[in-house]
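Asks: Sharing a model that was predicted from the sequence below.
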Amino acid sequence: MAIHFSVNQQEVEVGPGEEEMPLLWFLREKLRLTGSKFGCGIGQCGACTVHINGTAVRSCLLPVGQLQGSQIRTIEGLAPTGQLHPVQQAWLDQDVPQCGYCQAGQIMAAVSLLERINQPTDQQISDNMTNICRCGTYTRIRKAIRQAAE
Ligand code: FES
């Protein structure tokens, strides 16, 4: 039976022999959704973070064959009407990115956090925002999450 799931509310089908392909590759190579980035490839850095059924997940290790019926949201799906998501707006207002490479994953992690906990404490931010930023933008990430939570 073919594997079907949705990406940003569009149905997609996994082709024959593609079941073992990690979701990140499927998004980037098959669907040309290149906002999610490859960093470490071992599930540690979070550059590849997307939402699966509303939960932030690292997509670099997850085979698409396991996604039957899932709803995937990527950074490209955060602002379907063209108006920035409040977290994206907070990221701009707080000038969060430096090189920018990890930021799509950071934003997806932050959106997932705020959808579950709308006024997170410092501890909850620390516990949930485990993505790595080599430029060290952590202080601005925290400020942007605080702004988006207002
Ligand atoms: Fe997936 Fe680093 S690329 S966690």
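Replies: Now that the structure is in, tell me what you want to look at.
Asks: Buried residues, the longest helix anywhere in the chain. List them.
Replies: Ranked by residue count, the top helix of the chain under DSSP state H comes out as helix 103-116. Neighbour-count burial for helix 103-116, counted by 16 or more other CB atoms under 10 Å, picks out 103, 104, 105, 106, 107, 108, 109, 110, 111, 112, 113, 114. C-betas here are computed from N, CA, C, even on glycine.
Asks: domain ranges for this protein?
Replies: Here the domain parsing of the chain from automatic domain parsing is 4-77, 86-149.
Asks: Output those as a markdown table; include the columns mean pLDDT and distance to the ligand.
Replies: What follows is the domains of the chain, written out as a markdown table (pLDDT from 0 to 100; distance: least, CB to the nearest ligand atom, whole Å):
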| stretch | mean pLDDT | distance to the ligand |
| --- | --- | --- |
| domain 4-77 | 97 | 3 |
| domain 86-149 | 97 | 8 |
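Asks: now the strands for the protein?
Replies: For the chain, applying DSSP state E gives strands covering 4-7, 10-13, 49-52, 55-58, 71-73.
Asks: Pairing partners for the second one, with directions?
Replies: Paired neighbours of strand 10-13 in the sheet (DSSP bridges): strand 4-7 (antiparallel).
Asks: got the buried residues for the strand it pairs with?
Replies: Under the neighbour-count criterion of 16+ other CB under 10 Å, strand 4-7 has 5, 7 buried.
Asks: next one: stretch 27-39
Replies: 27, 28, 33, 35, 36, 37, 38, 39.
Asks: residues touching the second one, list them.
Replies: By CB atoms under 8 Å, 6 or more residues apart in numbering, the contact list for residue 28 reads 34, 36, 38.
Asks: Tell me the spacing between it and residue 89.
Replies: 26 Å (CB to CB, to the nearest Å).
Asks: Helices of this protein, residue ranges please.
Replies: Under DSSP H, the chain gives helices at 23-25, 86-93, 103-116, 122-128, 138-149.
Asks: These: which one's closest to residue 16?
Replies: Nearest of the helices of the chain to residue 16, taken as CB to CB: helix 23-25 at 16.1 Å.
Asks: For the closest one, name the packing helices and strands.
Replies: Judged by 3 or more CB pairs under 8 Å, 6 or more residues apart in numbering; DSSP states H and E, helix 23-25 has no packing partners among the helices and strands.
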